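Engineer: next input, structure requested:
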Amino acid sequence: MIKKILLVDDSPISRKMLKSCIPKDRGYELFEAGDGLAGFEAYKEIRPDVTFMDLTMPVMDGNEATAKIIEVAPRAIVIACTADIQVKSISRMLALGALLVVRKPSSKASIEDALAKAEEKIGQACE
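Structural biologist: Numbering: from 1, shown residues only. Okay, here's the model as predicted:
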């Protein structure tokens, strides 16, 4: 079951838009970070159930942050959230261990679908 969600994006506007797509009625605890390094540090401290990760950020990009998260927590659920829809970028994120890639700007439907897939993965891990 998803309780904690971490949003990692250098754009406060993007984080706000993503937050608005996350269902309010499920009691999720939301955390935010403004770059990949801050996201990685927040991940280690918070241990969220799901992390939404932007790709293009200062300090540490989403690819590196995702690789570091998966290194310390191989079962971590990272969902890439990016406007970069190049096949190469998407393939790289998935190869690093992201569960899926959601296109920005996100819609309520795409975020709900991503959360449903994350719930499924969590359910499988508990079996």
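Engineer: ok, V8 touching L55?
Structural biologist: No - counting by C-beta atoms under 8 Å, V8 sits too far from L55 to count as a contact (10.1 Å). The way it works is simple: take the backbone N, C-alpha and C, and place the C-beta from them, glycine included.
Engineer: between the two, tell me which one has more neighbours.
Structural biologist: Neighbour count, other C-beta atoms under 10 Å: between V8 and L55, V8 has more, with 31 against 23.
Engineer: follow-up on the earlier one: quickly list what's touching both of V8 and L55.
Structural biologist: Taking C-beta atoms under 8 Å, 6 or more residues apart in numbering as the criterion, V8 and L55 both touch G62.
Engineer: so where is the chain shaky, pLDDT-wise?
Structural biologist: Residues of the chain meeting the criterion pLDDT under 70: 125-127.
Engineer: in this protein, which spans are helices?
Structural biologist: 12-21, 36-46, 62-72, 87-96, 108-126 (DSSP state H).
Engineer: for the second one, buried residues please.
Structural biologist: The neighbour-count check on helix 36-46 (16 or more other C-beta atoms under 10 Å) flags G36, L37, A38, G39, F40, A42, Y43 as buried.
Engineer: and that helix, what does it pack onto?
Structural biologist: Counting contacts by 3 or more C-beta pairs under 8 Å, 6 or more residues apart in numbering; DSSP states H and E, helix 36-46 packs against strand 4-8, strand 29-33, strand 50-53, helix 62-72.
Engineer: let's see that with 7 Å instead.
Structural biologist: strand 4-8, strand 29-33, helix 62-72 (3 or more C-beta pairs under 7 Å, 6 or more residues apart in numbering; DSSP states H and E).
Engineer: could you dump these into CSV and include distance to D49?
Structural biologist: What follows is those, written out as CSV (distance: least, C-beta to C-beta, whole Å):
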stretch, distance to D49
strand 4-8, 5
strand 29-33, 9
helix 62-72, 13
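Engineer: can you check which of the ones you listed gets nearest to I111?
Structural biologist: Smallest distance to I111 across these (C-beta to C-beta): 10.0 Å, for strand 4-8.
Engineer: for the closest one, name the packing helices and strands.
Structural biologist: Applying 3+ C-beta pairs under 7 Å, 6+ apart, one finds that strand 4-8 contacts helix 12-21, strand 29-33, helix 36-46, strand 50-53.
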